[in-house]
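> model the following, please.
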Amino acid sequence: MQSSSVTTTSSMSKPDSELILSSENGLLAVIDAYEILPCMLCVLLCSSLLVRMVTDSVSASMSVVSVSVVLVLFDSAIFFTFLVTCWSSFDNGDPGLSKIVGTRILAGFAYTSSQNWVNHGGDLYNRRYAEKESKIGPETVSRLRKKWEFVAGKDITATPVISDGTLYFPSWNGNIYAVNASDGSLAWEKNLGDLTGLNATGFNVNVNWTVSRASPTIADDLLIIGIYGPAIVIAVERLSGELVWSTQLDNHATGVITMSGTYYKRSHGLFLSILTSSWSCHIRKDASLRKSLSKDQVKNFYVGTSSQEESLSIEQCCTFRGSLAKLDVRTGKVLWQTFTLPDNFGQKGEYARGSIWGSSPSIDATRNLVYVGTGNLYSAPLRILQCQEAENNQTVLSSGSVSYLWFFACNNLSTPNCPPGQNPDADFAEAPMITSIKVNGTKRDIVVAVQKSGFAWALNRDNGELIWSTEAGPGGAGGGGAATDTKKVYTNIANSAFKNFTLRPSEINTTAGGWVAMDDANSGEILWSTADPSNSMATGPVTVANGVVFAGSTYKQGPICH
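Predicted coordinates for the structure are as follows:
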């Protein structure tokens, strides 16, 4: 499941520091400045938010986890974070009433007015880095105060995007919202079911309406977003929310779109390269796009497909195959679609899954390559399991428009596509981040990816050569959510199983989740790590801006840690 996130932007309306918060039921609020706790190189901002809510349709036997979006205004900067609120039904099982148990934070990101945050990763490089942020820093972050609040309806688990002073995000009530960043007023809202005429697939637990859990993608005057079943991508007018086009990318009954896409326009053709990782990492190149095109001809959108087939167990597993698609932004036409696994022709017992579901594709504009990460396999053929070495590379077959370039085994096994025995869910919950380092004075272009296993990997962008790998800490179901300021790599330690491990280099033992900074050079050395002060998991992605790492805790009593 994709976790929530955070952002910052500029507003010249007020010099005072203010914090803007929003919650699952659609509440955005303004509060006084919080005190912060300095923690090595990151600043942890801890607070509690208590909200009374009355849910509209909560089953008497059901507990609801509500996720809130927090918007913090500081001078000309805005910071978004997400609150997860735990609710349980009460009053003799009355489904119309809920009581608050607590509030939890999942993650955050930072943004400035001169740097639009256009998708989950913020830009083409998927770094979750507000490079131009100058207002919010270690010395000033404590002055953040709430300015306004906006009621959205239900959970907001996607990273909001922002452009030209307007925020865009979906809610689990089935709506897309456009909100003015300056005062929190509603610009427009659209219900996905009414907008598209789509019916929910019925595979979302406790959700019987059409929803999206993906961050929208800003593409000039369009807003593009995926549907959480069926596997459809839609584009709407950014100024009005009116539907422009709708494209189905997979007709599998359990297909969904959970990934935030990436918009790319260029005056030349794009050589598509895909870095995928299930038990191995691969990169592919689109040799069909070599011809030069005029600038207005190349406006493309890249997004992956996923499914709920395994978790639902609605039938003997499984037949779904993940894929990456390239669409024409203007029409929604699929220009090509390449699958992460060979065709199973709808037959069980063959290769299945390899979903592309997390964060947003990263694009190397110089090399004309696009990188993504994949999920684990649902199944592999018995003949492969019995003869792993002989068919080591079967998972890299693809459609005719894409040629195999290189792969790297991301699990330290000699059989990257066919690891022996049963294996854990070690998805890449996000696409690799594009950055560069210096090794012995020589610049090297790399990609860095963090797995749900807790391992971080740095690879040469051209050939997949391993630069370094580091075990940041115990992984977990919540996965990795990394950021980089091009000097260090920051990530969460999910530790969803609450394993006892040692923080490095402090040698302090903990069973909580936490956060880590690694040297983004030739070693991946851990520079600092810190545990969640509430002894909870840390499952959401981090964001870095001007020396501050924004992170999230899942502690149900309310701390927000940055």
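> what is the neighbour count of Gln308?
22 (other Cβ atoms under 10 Å). (C-beta placed from N, C-alpha, C; glycine too.)
> touching, it and Gly229? I think so.
Yes. Gln308 is in contact with Gly229 according to Cβ atoms under 8 Å; the separation is 7.1 Å.
> and Trp468, what does it touch?
By Cβ atoms under 8 Å, 6 or more residues apart in numbering, the residues touching Trp468 are Trp457, Ala458, Asn522, Ser523, Gly524.
> okay, who's weakest in these by pLDDT?
Least confident of those in the model: Asn522, at 70.
> isn't that residue up against Lys443?
No. Between Asn522 and Lys443 there is no contact under Cβ under 8 Å: 11.9 Å.
> shared neighbours of the two, anything?
In contact with both Asn522 and Lys443: Ile437, using Cβ under 8 Å, 6+ apart.
> tell me which of these two has more neighbours.
Each of Asn522 and Lys443 has its neighbours counted (other Cβ under 10 Å); Asn522 has more, 15 against 8.
> and the more buried one, what does it touch?
Contacts of Asn522 (Cβ under 8 Å, 6+ apart): Ile437, Val439, Asn440, Ile467, Trp468.
> that one: what secondary structure?
Three-state call for Asn522 (DSSP: H, G, I helix; E, B strand; the rest coil): coil.
> mind putting the contacts of Trp468 into a markdown table with distance to Leu195?
Output for those, formatted as a markdown table (distance: Cβ to Cβ, whole Å):
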| residue | distance to Leu195 |
| --- | --- |
| Trp457 | 40 |
| Ala458 | 42 |
| Asn522 | 50 |
| Ser523 | 50 |
| Gly524 | 45 |
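> pull up the gap between Ala235 and Asp328, please.
Computed as Cβ to Cβ, to the nearest Å, the Ala235 to Asp328 distance reads 10 Å.
> these two: which is more packed in?
Ala235 (24 against 16).
> show me what contacts the more buried one?
Ala235 neighbours (Cβ under 8 Å, 6+ apart): Ala219, Leu222, Leu223, Ile224, Leu243, Val244, Trp245, Ser246, Val329, Gly332.
> ok, and for the helix or strand where it lies, which residues are buried?
Using DSSP states H and E, Ala235 sits in strand 231-237. Using 16 or more other Cβ atoms under 10 Å as the test for burial, strand 231-237 gives Ala231, Ile232, Val233, Ile234, Ala235, Val236.
> strand partners (parallel or antiparallel) of that strand?
Using DSSP bridges, the strands paired with strand 231-237 are strand 222-226 (antiparallel), strand 243-250 (antiparallel).
> circling back: which of the buried residues of strand 231-237 sits closest to Asn344?
Nearest to Asn344 out of the buried residues of strand 231-237 is Ala231 (Cβ to Cβ; 16.9 Å).
> wait, the closest one sits on Asp250?
Yes. Ala231 is within contact range of Asp250, at 4.0 Å (criterion: Cβ under 8 Å).
> what touches both of these two?
Thr305, Ser307.
> picking up where we left off before, just say which of the strands paired with strand 231-237 is most tucked in.
With neighbours taken as mean count of other Cβ atoms under 10 Å, these reach their highest mean count in strand 222-226, at a mean of 25.
> give me the residues contacting that one.
168, 170, 176, 212, 214-217, 232-238, 241, 244, 256-261, 263, 301, 303, 329.
> please repeat the previous calculation with a cut-off of 6 Å.
The contact list for strand 222-226 (Cβ atoms under 6 Å, 6 or more residues apart in numbering) reads Tyr168, Ser212, Ala214, Pro216, Thr217, Val233, Ala235, Val236, Arg238, Ile257, Gly261, Phe301.
> just the CA atoms of that strand, as CSV, please.
C-alpha atoms of strand 222-226 as CSV (Å, rounded to 0.1, in the frame of the first residue of the first chain):
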residue,chain,number,x,y,z
LEU,A,222,-4.0,18.9,-17.7
LEU,A,223,-4.2,16.9,-14.6
ILE,A,224,-3.6,13.1,-15.1
ILE,A,225,-4.5,10.6,-12.4
GLY,A,226,-5.0,6.8,-12.1
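> state the mean pLDDT of that strand.
Per-residue scores along strand 222-226 average to 98.
> what of stretch 555-562?
On average, stretch 555-562 scores 58.
> ok, back up a step: could you tell me which residues touch both of Gln308 and Gly229?
Phe203.
> what strands line up against the host helix or strand of Thr470, and which way round?
Here Thr470, judged by DSSP H and E, is contained in strand 466-471. Note on strand 466-471: by DSSP bridges, its sheet partners are strand 455-460 (antiparallel).
> for the partner strand, give me every contacting residue.
So strand 455-460 is contacted by 408, 410, 446-450, 467-472 (Cβ under 6 Å, 6+ apart).
> ok, so of those, who is nearest Thr319?
Distances from Thr319 to the contacts of strand 455-460, taken by Cβ to Cβ, are shortest for Cys410, at 24.8 Å.
> the closest residue to Gly184 other than its chain neighbours: neighbouring residues, count only.
Of all residues not flanking Gly184 in the chain, Trp148 sits nearest, at 3.4 Å (Cβ to Cβ, 6 or more residues apart in numbering). Look at Trp148: counted by other Cβ under 10 Å, it has 21 neighbours.
> just the buried residues from the contacts of Trp468, in PyMOL please.
To isolate the buried ones among these in PyMOL, judged by 16+ other Cβ under 10 Å, type:
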select buried, resi 457+458+524
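> show me where the stretch 101-250 of the chain has strands.
In the stretch 101-250 of the chain, the strands defined using DSSP state E, counting those that start in this stretch lie at 161-163, 166-170, 175-180, 186-191, 217-219, 222-226, 231-237, 243-250.
> format those strands as TSV; extra columns: distance to Tyr351.
Listed next are those as TSV, based on distance: least, Cβ to Cβ, whole Å:
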stretch	distance to Tyr351
strand 161-163	34
strand 166-170	32
strand 175-180	35
strand 186-191	38
strand 217-219	29
strand 222-226	23
strand 231-237	18
strand 243-250	15
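> hmm, Thr210 and Gly193 touching each other?
Yes. If you go by Cβ atoms under 6 Å, Gly193 and Thr210 touch, sitting 4.1 Å apart.
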